[in-house]
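**Q** Below is the sequence, then the predicted model.
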Amino acid sequence: MKINKKLLTLGLAVSLFSLASCSDENEPALGEGEVKVGMGIKLSSGSTAGARLQNTGLNIKTGFVLIKKIELETAGLDANGAEFEREIEIKFPEPKRIDFDAVDSSPDFFFNIPAGRYEEIELEMDVIDYKNQPSLQLEGTFTRTNGSSVPFKFEVYGDDDEDLDFELEIEAEDDDDFFFLGEDKNAIALMQINAQGWFNSITQSQLENAKLTNGVLLINRNVNESIYEKVLEKIESSLEIEIKMK
């Protein structure tokens with residue numbers, strides 16, 4: 001299975017690979033079909049502990065996002081050669097929390113789709129606006145030039161941006177072609193967040209001069225707003241990805 005990462009924007013990449021077994025009896029799958037696909041959102045290796053972003057002093061260690069619903073659209077040919085288009089929308093009764101864990105590469109959820117030749121698979125995870133809690137959060141440490149460190153926290157609330165959703169499109173390498181998924185080709189797609197890259201336009205000096213809240217370098221819509229707006233713009237430009245495969 002060849003994968004061509006056609007469009008890799010700053011901050012988000014995808015690893016898509018076959019699994020010998022993509023089953024977890026404790027994790028119910030969404031949808032129906034013979035092919036089980038796992039999905040997950042993780043911190044990339046560049047965002048693991050100890051991978052401090054050069055010239056900023058930031059070390060992002062963990063984080064999470066709250067998802068309110070998942071929309072899956074597929075198009076292709078089924079096992080009998082008939083064309084199909086299907087849409088699945090799953091709304092969670094409670095916000096589904098996806099932790100950004102760079103160590104654990106297991107899927108956050110599974111969905112089932114029929115075996116067949118696919119023209120495209122589109123997945124959208126809608127970030128929730130949940131009460132007064134952040135919808136997306138990053139945590140770590142900030143190390144000043146003098147060597148001292150303080151806790152770091154970055155928060156985004158769902159109503160800060162109506163389009164703050166994670167989107168993945170998988171399609172055939174050629175526009176008029178298809179790729180095959182069968183029972184023996186279960187797969188995982190991991191969206192790898194390079195959260196460090198979201199801050200590459202922020203300087204060490206800007207963070208040194210940022211306001212502390214109870215000893216924490218807190219960045220959100222109400223605190224250190226100028227830094228927040230720059231980072232949010234980076235996030236907005238990195239949540240859509242398209243990969244080509246055959």
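**A** Right, received. Where do you want to start? Nothing here was measured: the structure is a model prediction, and the numbers come from that model.

**Q** from here on, contacts and neighbour counts on C-alpha atoms
**A** Noted.

**Q** Can you tell me the SS state at I227?
**A** What DSSP: H, G, I helix; E, B strand; the rest coil gives for I227 is helix.

**Q** how close does it get to A82?
**A** Look at I227 and A82: by Cα to Cα, to the nearest Å, they are 52 Å apart.

**Q** neighbour-wise, which of those two wins?
**A** Neighbour totals were compared for I227 and A82, and I227 leads with 19 against 10 (other Cα atoms under 10 Å).

**Q** That one contacts I219, doesn't it?
**A** Yes - assessed by Cα atoms under 8 Å, I227 is found in contact with I219 at 7.2 Å.

**Q** Enumerate every residue touching G76.
**A** Counting by Cα atoms under 8 Å, 6 or more residues apart in numbering, G76 makes contact with 83-85, 116-120, 178.

**Q** which residues does it bridge with?
**A** F84, Y118 (DSSP bridges).

**Q** Just the local confidence number for it, please.
**A** G76 carries a pLDDT value of 86.

**Q** Repeat that for the one 4 residues further on.
**A** Model confidence at N80, expressed as pLDDT, equals 81.

**Q** Repeat that for L136.
**A** 90.

**Q** got it, and the one 5 residues further on?
**A** Per-residue confidence at T141 stands at 94 (pLDDT).

**Q** Now the helix or strand containing it - C-alpha only, PDB.
**A** Per DSSP states H and E, T141 falls inside strand 136-143. Output in PDB follows, covering the C-alpha atoms of strand 136-143 (Å, rounded to 0.1, in the frame of the first residue of the first chain):
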ATOM      1  CA  LEU A 136      -8.400  22.200  23.300                       C
ATOM      2  CA  GLN A 137      -5.600  22.400  25.800                       C
ATOM      3  CA  LEU A 138      -1.800  22.000  25.800                       C
ATOM      4  CA  GLU A 139       0.400  21.800  28.900                       C
ATOM      5  CA  GLY A 140       4.100  21.800  29.500                       C
ATOM      6  CA  THR A 141       6.900  24.100  30.700                       C
ATOM      7  CA  PHE A 142       8.600  27.300  29.600                       C
ATOM      8  CA  THR A 143      12.300  27.700  30.300                       C
END
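
**Q** Helix, strand, or coil at E32?
**A** E32 ends up coil, using three-state DSSP.

**Q** Can you list the low-confidence ranges for this protein?
**A** Counting by pLDDT under 70, the chain shows low-confidence ranges at 1-31, 44-55, 101-106, 131, 159-163, 175-176, 183-191, 239-246.

**Q** Check for me that G197 belongs to a helix.
**A** Yes - under three-state DSSP, G197 sits within a helix.

**Q** neighbours of it, just the number please.
**A** Neighbour number of G197 under other Cα under 10 Å is 19.
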